[in-house]
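[1] model this:
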Amino acid sequence: MDPIRPCRDDERPAMFAIVNAAAEAYRDTIPPDRWHEPYMSRDELDREIAAGVAFWGFESGDGELLGVMGIQPVGDVDLIRHAYVAPGSQRRGVGGALLERFTGDCTRPLLVGTWAAAVWAIAFYRRHGFELLPADRAAALLRRHWNIPERQVQESVVLSISPPPVRP
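    From the prediction side, this is the model:
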């Protein structure tokens with residue numbers, strides 16, 4: 001059975017827990033004025049889902065969510081949103097499997113934004129074929145496709161991967 005599936009509404013508490021436990025990695029990395037407790041509130045999670053972020057989860061054999069990743073169509077691109085793996089399940093292929101699902105199914109450019117100081121996240125996406133975009137292009141894309149404060153635009157990067165060519 002495929003461990004990757006759409007998250008259900010009744011899993012929002014588990015999604016909330018995964019996001020906030022995994023986001024602890026950012027606590028001392030991102031600018032202090034961008035950190036808040038919790039990193040993502042329940043209301044923010046609800047707003048993201050209402051705005052069209054479709055969350056997918058990686059489920060263990062016993063039905064526990066080990067990681068989540070959202071995808072959101074915006075304009076002519078798809079955005080990867082809120083990609084997090086429970087700390088006890090990191091470095092076991094969970095995030096890579098979720099990402100491969102999205103990259104394997106993509107038919108439009110796929111963008112992901114992350115904090116510039118999160119070198120581990122940037123390295124993860126690059127290992128999976130994403131290209132780090134130049135700062136000026138990244139800033140323009142962040143302003144166009146994300147609803148984030150200017151301060152976050154200044155502290156973020158964007159990585160991109162294009163869909164595979166269509167074969168006749």
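[2] Would you mind listing where the protein has pLDDT under the threshold?
    165-168 (pLDDT under 70).
[3] residue ranges of the helices in it, please?
    12-22, 42-50, 94-105, 119-127, 135-145, 150-154 (DSSP state H).
[4] For I80, see how far away S89 is.
    Going from S89 to I80 by CB to CB, to the nearest Å gives 18 Å. Any C-beta I mention is one placed from the backbone N, CA and C, and that applies to glycine too.
[5] Please identify which of these two sits among more neighbours.
    I80 (24 against 18; other CB atoms under 10 Å).
[6] That one reaches P109, doesn't it?
    No - counting by CB atoms under 8 Å, P109 is not a contact partner of I80; they are 11.3 Å apart.
[7] who's in contact with stretch 113-120?
    25-26, 29-30, 79, 121-122, 125, 138, 141-142, 146, 148, 155-159 (CB atoms under 8 Å, 6 or more residues apart in numbering).
[8] same question but for stretch 133-142, I mixed them up
    111, 113, 148, 152-154, 156-160.
[9] picking up where we left off before, now the buried members of the contacts of stretch 113-120.
    Among the contacts of stretch 113-120, those classed as buried by 16 or more other CB atoms under 10 Å are 25-26, 30, 79, 121-122, 125, 138, 141-142, 146, 155-159.
[10] Pick the one among the residues you listed closest to A54.
    L79 (10.9 Å; CB to CB).
[11] Leaving out chain neighbours, which residue sits closest to that closest one?
    Once flanking residues are discounted, L79 sits nearest to Q72: 4.7 Å by CB to CB, 6 or more residues apart in numbering.
[12] Same check on P38?
    In this structure, P38 finds its nearest non-sequential neighbour in N20, 4.5 Å apart by CB to CB, 6+ apart.
[13] Could you measure from the one you found over to P13?
    For N20 relative to P13 (CB to CB), the value is 11 Å.
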